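Engineer: Got a sequence here, can you build the structure:
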Amino acid sequence: MKAVIQVVNYAKVSYENQFFDIKKGLLVFLGIKKGDGQKEADFFVKKLCELRIFEDNDKKLNLSLEDIKGEILLIPNFTVNANAKKGRRPDYFEAEIPQKAEKLFNYSAEQLNKRIVTKKGFFGCDMRIENEMAGPVTIILEKLPE
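Structural biologist: This next block holds a predicted model:
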């Protein structure tokens, strides 16, 4: 799994006439890689809830999403797994097939929602995303094989 995580003051995802939005929290673009499973998803859930990337009263990045009672907008995004090392066109060979990726994406969202208010984007759709970043704080998180 690989994620691009942004601290936001708000974020919104829409597709056709449907939308979901969050207030202060994390906008997370999540890519599922071939071979990922519940172990990797559980690692990400814990990290996303406990990463200390929100400012405290002294303006230090010292608080977690749980500490501030923030929300997550989780967006499925196979392109975060792109490999652009060679040539001009990225390849996506590391991305999991859609059926398996969607299942693990939904599992991740369910597990997150047990700890933090979690809203999710639309799998396999051409979504529109709006957000106001805070900081800016952007982190790339990847669970590497052990």
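
Engineer: Please identify the buried residues of stretch 66-86?
Structural biologist: Residues of stretch 66-86 classed as buried: 70-78, 80-82 (neighbour count, 16 or more other CB atoms under 10 Å). The C-beta positions use only the backbone N, C-alpha and C, and glycine is treated the same way.

Engineer: Among those, which lie within helices?
Structural biologist: Of the buried residues of stretch 66-86, none are assigned to helices by DSSP state H.

Engineer: Please identify which helix or strand holds the residue most central in space within the chain.
Structural biologist: Residue closest to the mean C-alpha point of the chain, counted by CA atoms, centre = their mean, is V28 at 2.3 Å. Secondary-structure assignment from DSSP states H and E places V28 in strand 25-31.

Engineer: next helix or strand past that strand?
Structural biologist: helix 38-50.

Engineer: Can you say which helix or strand has the residue lying farthest from the centre of the chain in it?
Structural biologist: No residue in the chain has its C-alpha farther from the mean C-alpha position than G87, which lies at 27.5 Å (CA atoms, centre = their mean). Assigning secondary structure by DSSP H and E places G87 outside every helix and strand.

Engineer: Local confidence estimate at it?
Structural biologist: Predicted confidence (pLDDT) for G87: 89.
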